[in-house]
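Undergrad: no sequence on this one, just coordinates:
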């Protein structure tokens, strides 16, 4: 499967990710989240089957589907909800 669109929800807002590529590394996906939300890629949390998305995860095996809504959050102990450092 090639690239497809996902909806990303973060801090009460929805973002469209038009070019999600399940064959790309998870770090690329986290970087896309950063570009949309401003939350640093190393601070973003994405719940997936079996826990949180790890940097070495195989996105193909996680079953993302075109049009799916994906939730993203961040490590709140270090950042405000808008991504600013405490």
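TA: Cool, the structure landed. All figures in this text were calculated on a predicted structure; none of them were measured in a lab. Numbers count the residues shown, from 1 in each chain.
Undergrad: what about the helices in this structure?
TA: Ranges of helices in the chain, per DSSP state H, are 26-37.
Undergrad: by mean pLDDT, flag the weakest helix or strand of it.
TA: strand 73-74 (a mean of 81; mean pLDDT, DSSP states H and E).
Undergrad: show me what that strand pairs with in its sheet, parallel or antiparallel.
TA: With DSSP bridges as the test, strand 73-74 is paired with strand 44-45 (antiparallel).
Undergrad: what lies in contact with the strand it pairs with?
TA: Residues outside strand 44-45 that contact it (C-beta atoms under 8 Å, 6 or more residues apart in numbering) are 30, 33-34, 37, 52-53, 72-75. Quick note: C-beta positions are derived from backbone N, CA and C, even for glycine.
Undergrad: can you check stretch 59-67 too?
TA: For stretch 59-67, contacts defined as C-beta under 8 Å, 6+ apart pick out 4-7, 20-26, 29, 48-49, 53, 70.
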